[in-house]
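Q: Next comes the sequence, and after it the predicted model I'd like to discuss.
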Amino acid sequence: MSPKSCGKKSVQRIIYTLDMPTLFEQSAGFIVYRINRKGIREYLILHYPGGHFDFPKGHIEKGETKMQAAERELEEETGITRVTWIEGYKEKINYKYRREGQLMSKDVYFFLAATRQKNVRISFEHQGFVWLPFNEAMLKITFDNARTLLTKAEEFISEHPNAALVKKKK
């Protein structure tokens, strides 16, 4: 049996359960924030065609590291190329869903990054975007696991105010 890969080479494996195989896939993404002119931290939230609001993320392609995939997906989905990676923040979520009747189990690895780029050029994969302060972002985000990620990111930034100075990307 060969797993479907949504038009891209994806890192996938098959997990066999008692009744049917489950396809396993991995994705990576960023929780991106910027400081607006008023000094308020705002988070980038994308509007997906399914109607939900979430962070930029996508499949890890064969040969990519999780960080490389997150950077590539951020650029493809938003046009953002200048970010400062916040070292020390890495979170993983897992969820299950069905794609064309096939049971899928997905691990998504998230990193934290700051940017000064305000302008976003969304890809065909999205309907829109917003930059929102923490409390508004918590209300806008659709899924509980994404709200948990955002809470952890906000706490991490508060506890490590100079972390953004650690490592520059692009």
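A: Received it, and whenever you're ready, just let me know what you need.
Q: Just the strands from the chain, written as ranges.
A: 12-16, 21-35, 41-47, 53-54, 57-59, 83-99, 102-115, 128-133, 167-169 (DSSP state E).
Q: got CSV for those strands, with mean neighbour count and distance to residue 122 too?
A: In this view, the C-beta of every residue, glycine as well, is placed from N, C-alpha and C. CSV is the format used below for the strands of the chain (neighbours: other C-beta atoms under 10 Å; distance: least, C-beta to C-beta, whole Å):
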stretch, mean neighbour count, distance to residue 122
strand 12-16, 12, 26
strand 21-35, 21, 13
strand 41-47, 21, 7
strand 53-54, 20, 13
strand 57-59, 22, 13
strand 83-99, 15, 16
strand 102-115, 20, 15
strand 128-133, 16, 6
strand 167-169, 13, 20
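Q: out of these, nearest to residue 71?
A: strand 167-169 (6.3 Å; C-beta to C-beta).
Q: Now do the closest one, average pLDDT.
A: On average, the pLDDT along strand 167-169 is 44.
Q: ok, back up a step: quick one: closest of the strands of the chain to residue 145.
A: Smallest distance to residue 145 across these (C-beta to C-beta): 4.5 Å, for strand 83-99.
Q: now that closest one against strand 21-35, angle please.
A: 150 degrees (axes from the mean of the first three to the mean of the last three C-alpha atoms, to 10 degrees).
Q: In the chain, where's the longest helix?
A: Counting by DSSP state H, the longest helix found in the chain is helix 144-159.
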